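1. just coords:
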């Protein structure tokens, strides 16, 4: 039996404009984690957007918003192996900005939820507004955020029904934020698809 390969875990963290994705993508390419053909494809696509030098960054930055803005928004993971090592690279934005899509835990629901807009940064203790429309949030910040779930979920504002108004934000199985729901933009009950049986019931009335 051959010798088991050594596992290497790498986490890349830095300022939003520090070049994390470019450096990491280049490292993955040089280590054989991605083929030349794919890099050439990224280079062509990036050039069409006027961002030809971003080809290595696109290895990890897959969201449309990340590629358009040239920044890392969401966490990304890349696995590959060499002749001696199993390598896992985690690219973390270090900051949270609009477009971030973690998992929201609320009561018994566990649903992917997008940070659609960072509306206000507020003081954690007093709740006083500190900044309108912040570009990003970092560890320790408190904010009011518009969040959009990936699929329908049952929630309520904390003031109306606390058990359905508390939530935790989780990413890579770690809790990264907690909060309460201030308001809910509810979809109209009749806005969805109406089944044939429901149509018959309405006619019967």
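-> Great, that's in hand. No experiment lies behind these values; they were computed from the predicted model shown. Numbers count the residues shown, from 1 in each chain.

2. What is the neighbour count of residue 122?
-> A count of nearby residues for residue 122, using other CB atoms under 10 Å, gives 17. Where C-beta positions appear, they are placed from N, C-alpha and C, glycine not excepted.

3. oh sorry, the question was meant for residue 176
-> When neighbours are counted by other CB under 10 Å, residue 176 comes out with 15.

4. same deal with residue 54?
-> Residue 54 has 21 neighbours, counted by other CB under 10 Å.

5. Chain neighbours aside, what residue packs nearest to it?
-> residue 46 (4.6 Å; CB to CB, 6 or more residues apart in numbering).

6. Check the secondary structure at the one you found for me.
-> Following DSSP: H, G, I helix; E, B strand; the rest coil, the label given to residue 46 is helix.

7. Residue 175 too?
-> strand.

8. residues in contact with it?
-> Residues near residue 175 by CB atoms under 8 Å, 6 or more residues apart in numbering: 168, 169.

9. swap in residue 134?
-> Counting by CB under 8 Å, 6+ apart, residue 134 touches 118, 120, 121, 141, 143.

10. Most neighbours of all the residues you listed, which one?
-> residue 118 (22 neighbours).

11. Tell me the helices and strands packed up against the biggest strand by length in the chain.
-> Taking DSSP state E as the criterion, the chain has its longest strand at strand 109-122. Counting contacts by 3 or more CB pairs under 8 Å, 6 or more residues apart in numbering; DSSP states H and E, strand 109-122 packs against strand 103-106, strand 129-132, strand 142-149.

12. Buried ones in it, by neighbour count?
-> Using 16 or more other CB atoms under 10 Å as the test for burial, strand 109-122 gives 109, 113, 114, 115, 118, 120, 121, 122.

13. State the distance from the first one to residue 142.
-> With distances taken as CB to CB, to the nearest Å, residue 109 is found 23 Å from residue 142.

14. The third one too?
-> Computed as CB to CB, the residue 114 to residue 142 distance reads 19 Å.

15. same check, this time on the fifth one
-> The gap separating residue 118 from residue 142 is 11 Å, by CB to CB.

16. Please, where are all the strands along this structure?
-> With DSSP E, the ranges of strands along the chain come out as 6-13, 76-81, 85-92, 103-106, 109-122, 129-132, 142-149, 166-171, 174-180.

17. Quick check: which of the ones you listed is nearest to residue 159?
-> For residue 159, the closest of the strands of the chain is strand 174-180, at 8.7 Å, according to CB to CB.

18. tell me the angle of the closest one relative to strand 142-149?
-> Here the directions of strand 174-180 and strand 142-149 differ by 100 degrees (axes from the mean of the first three to the mean of the last three CA atoms, to 10 degrees).

19. now the angle from strand 174-180 to strand 109-122?
-> 70 degrees.

20. List the pairing partners of strand 174-180 within its sheet, with orientation.
-> In the sheet, strand 174-180 lines up against strand 166-171 (antiparallel) (DSSP bridges).

21. need the contact list for the closest residue to residue 6 other than its chain neighbours.
-> Spatial nearest neighbour of residue 6, chain neighbours left out: residue 85 (5.2 Å); criterion: CB to CB, 6+ apart. Going by CB under 8 Å, 6+ apart, residue 85 touches 5, 6, 7, 8.
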